[in-house]
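Student: Sequence plus the predicted model coming up.
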Amino acid sequence: MEVEQTAALAEEQSGSGASGLPRLLEGVPAQGAMSLQTHLDIHGEPPPAGRSGISSISDRWRDKRGAAALIDQVEQAGLGGRGGAGFPLARKMRSVAAGKGKPIVVVNATEGEPASLKDRTLLETLPHLVLDGAALAARAIGADEAIVCVCESAGVAHERASAAIAEREQLGGHWPRLVLATAPEGYVAGQESALVSHLNGGEAKPTFTPPAPYERGVRRRPTLVSNAETLAHVALIARHGARWFRQLGLSEQPGSTLITLSGPLAYPGVYEVEFGATLASLIEAAGGMKARVRGALFGGYAGTWVEASALSGLALSNPHLAPYGATLGAGVVALLSEQACPVAEVTRVTRWLERQSAGQCGPCVHGLGALADTLEQAMHGGAHSRQAAARVEHLYGLIARRGACGHPDGTARFAMSGIEVFAAEFADHAKHGACDACAQAPELPLPARAQTAARSVN
Amino acid sequence: MAERVRVNPITCEAHGMCAELLPERIALDEWGYPIVDDRPLSGDLVAHAQRAAQACPTFALLVERSSKG
């Protein structure tokens, strides 16, 4: 793949350029978690008062006005949620603040997306950035509690978040209260209504809305469910303001973002880039390509494929990805090497996504099963494989917007974009059946327990 | 104020009564689940929609009033 930066796209990068980075990842330790003291040395005290969201109860009245002003800052910064959907955080905060009852914050660090590591990485290495953001957002909306939710398989993240909360408690009464909770493993368990249902003692499955969590969530209180990275940005916006935030990125999509980059690279991993940075510059930062690339998946497993020929010169932002029908979603960029079989990869992930269905909605249960069946038949060639693309498109129409959550839509989009972008490879399989590479070890990561649909509880 | 039909996909069990009683707005997919046309209901359809909602064995069909269009 070409890794030349085109002049046009390089110009799109903000005036302050790479000098403004890293922001979130400033001083990220190579091992262990950053201590509260180091965190405060690097970033300073969070406004308006108190230490890292730490203030005595008597400080509350003093904080109130400054805290609410944070919503304005977040709005002017144009901060979009980093869990995938990109919903403007300030609007969510206002809705929750205006709701009936005492608001509550849920920090969503469950990260059920197998191709994403950023939220886990943040909690493991920079927990105080996330906790700061959670505390500041909580105070801004008048919440008295923030629940940090990690996946039960994320042991290290849990341990370090727990230690970081203890560090804050040692400094005196922490307000708002910070609580750590685990959520069951699973792609759909981290969906916000599923998470709320789980925290309320129910199953970790999406619920029928309305009421949405922002209206009635945890303990029936208006609930701000926000992704861990989103809140980490809040911690910095509170200190430096909206104008500072917008010094990086694009006017339509300001700031920086964490990207989980995977593929045939010297150093795959989590990187912070400004929106609008070229993919080439990210690949360079990751030590360059070790093999040619067949295509790239953007956003995550609910995301969209982009063909290899479009990648050189591509920039990392939703406006730049829009012509390909893609978004950065949860910040996933997965490069598929030329050694991999895209037909097998798309098919395998689609089957996995089907098994991740909560099993509640008919169009999801039947539709995703039919999708995976169609792709598997296409992979092995034979009778109906030539009609696979038409069948997938038909199924997309039957599946989209018909579930309680976005899981069926995301899965159908993933499958449809795969069959479109890799049309030549699918045609080849229709003619000749499964290829040698079909049997290779997968490149797109799937959790070890993926193949067993049933989860053992206790 | 306009009334529309909506399905709760979690409680729906594909009995298909709604498509029988409100074919103007509801068709069934290849698995028997309702595909709903959610445009506002004209006055003469509201009563049919309500009857269909009452006939649903799992109460998954909703007739909702919204201020939008």
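Tutor: Sure, I can see it. Numbers count the residues shown, from 1 in each chain, chains lettered A, B, ... in the order given.
Student: C-alpha from now on. contacts and neighbour counts both.
Tutor: Noted.
Student: mind listing the strands for chain B?
Tutor: If you assign secondary structure with DSSP state E, the strands in chain B sit at B:2-7, B:26-28, B:34-36, B:61-66.
Student: Relative to residue A:47, which of the ones you listed is closest?
Tutor: Comparison of those against residue A:47 by Cα to Cα identifies strand B:61-66 as nearest, at 41.6 Å.
Student: Residue A:130 touches residue A:120, doesn't it?
Tutor: No - judged on Cα atoms under 8 Å, residue A:130 makes no contact with residue A:120 at a distance of 10.8 Å.
Student: Neighbour count: those two, which is higher?
Tutor: Comparing residue A:130 with residue A:120 by other Cα atoms under 10 Å in any protein chain shown, the one with more neighbours is residue A:130, at 27 against 23.
Student: Mean confidence (pLDDT) on the host helix or strand of the more buried one, please.
Tutor: Here residue A:130, judged by DSSP states H and E, is contained in helix A:127-141. Mean pLDDT, taken over the full extent of helix A:127-141, equals 96.
Student: and it, how far from the chain's centre?
Tutor: Computed by Cα atoms, centre = their mean, to the nearest Å, the separation of helix A:127-141 from the middle of its chain amounts to 18 Å.
Student: Past that helix, which element shows up next along the chain?
Tutor: Where DSSP H and E defines the elements, the next helix or strand beyond helix A:127-141 is strand A:145-151.
Student: Partner strands of that following strand, with direction?
Tutor: Partner strands for strand A:145-151, per DSSP bridges, with pairing direction: strand A:104-109 (parallel), strand A:177-183 (parallel).
Student: In a markdown table: those, plus mean neighbour count and mean pLDDT.
Tutor: Compiled in a markdown table, the strands paired with strand A:145-151 are given as follows (neighbours: other Cα atoms under 10 Å in any protein chain shown; pLDDT from 0 to 100):
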| stretch | mean neighbour count | mean pLDDT |
| --- | --- | --- |
| strand A:104-109 | 28 | 98 |
| strand A:177-183 | 18 | 97 |
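Student: Export only the CA atoms of the helix holding residue A:130, formatted as CSV.
Tutor: What follows is helix A:127-141, C-alpha atoms only, in CSV (Å, rounded to 0.1, in the frame of the first residue of the first chain):
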residue,chain,number,x,y,z
PRO,A,127,-7.4,5.9,34.9
HIS,A,128,-7.4,9.4,36.4
LEU,A,129,-8.2,11.0,33.1
VAL,A,130,-11.3,8.9,32.8
LEU,A,131,-12.3,9.4,36.5
ASP,A,132,-11.7,13.2,36.2
GLY,A,133,-14.0,13.4,33.2
ALA,A,134,-16.6,11.3,34.9
ALA,A,135,-16.5,13.4,38.1
LEU,A,136,-16.6,16.7,36.1
ALA,A,137,-19.4,15.5,33.9
ALA,A,138,-21.3,14.3,36.9
ARG,A,139,-21.0,17.7,38.7
ALA,A,140,-22.0,19.5,35.5
ILE,A,141,-25.3,17.7,35.3
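Student: Could you check the angle it makes with strand A:177-183?
Tutor: Relative orientation of helix A:127-141 with respect to strand A:177-183: 110 degrees, computed using axes from the mean of the first three to the mean of the last three Cα atoms, to 10 degrees.
Student: got JSON lines for the strands paired with strand A:145-151, with distance to residue A:152 too?
Tutor: Compiled in JSON lines, these are given as follows (distance: least, Cα to Cα, whole Å):
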{"stretch": "strand A:104-109", "distance to residue A:152": "11"}
{"stretch": "strand A:177-183", "distance to residue A:152": "5"}
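Student: Remind me what the strand or helix carrying residue A:226 packs against, helices and strands.
Tutor: Assigned by DSSP H and E, residue A:226 belongs to strand A:223-227. Identification of packing neighbours for strand A:223-227 by 3 or more Cα pairs under 8 Å, 6 or more residues apart in numbering or on different chains; DSSP states H and E yields helix A:89-97, strand A:104-109.
Student: what's that strand in contact with?
Tutor: By Cα atoms under 8 Å, 6 or more residues apart in numbering or on different chains, the residues outside strand A:223-227 that reach it are A:81-83, A:92-93, A:96, A:103-109, A:119, A:192, A:213-217.
Student: For chain B, which segments are assigned as helices?
Tutor: Counting by DSSP state H, chain B has helices at residues B:17-21, B:43-55.
Student: Figure out which of those is closest to chain A.
Tutor: Using Cα to the nearest Cα as the measure, helix B:17-21 is the one of the helices of chain B that comes nearest chain A, at 15.3 Å.
Student: residue ranges with poor pLDDT in chain A?
Tutor: Along chain A, the parts satisfying pLDDT under 70 run over A:1-19, A:48-66, A:173, A:449-458.
Student: Kindly report the residues of it close to chain B.
Tutor: Counting by Cα under 8 Å from any Cα of the partner chain, the residues of chain A close to chain B are A:207, A:208, A:360, A:361, A:362, A:363, A:366, A:398, A:402, A:403, A:404.
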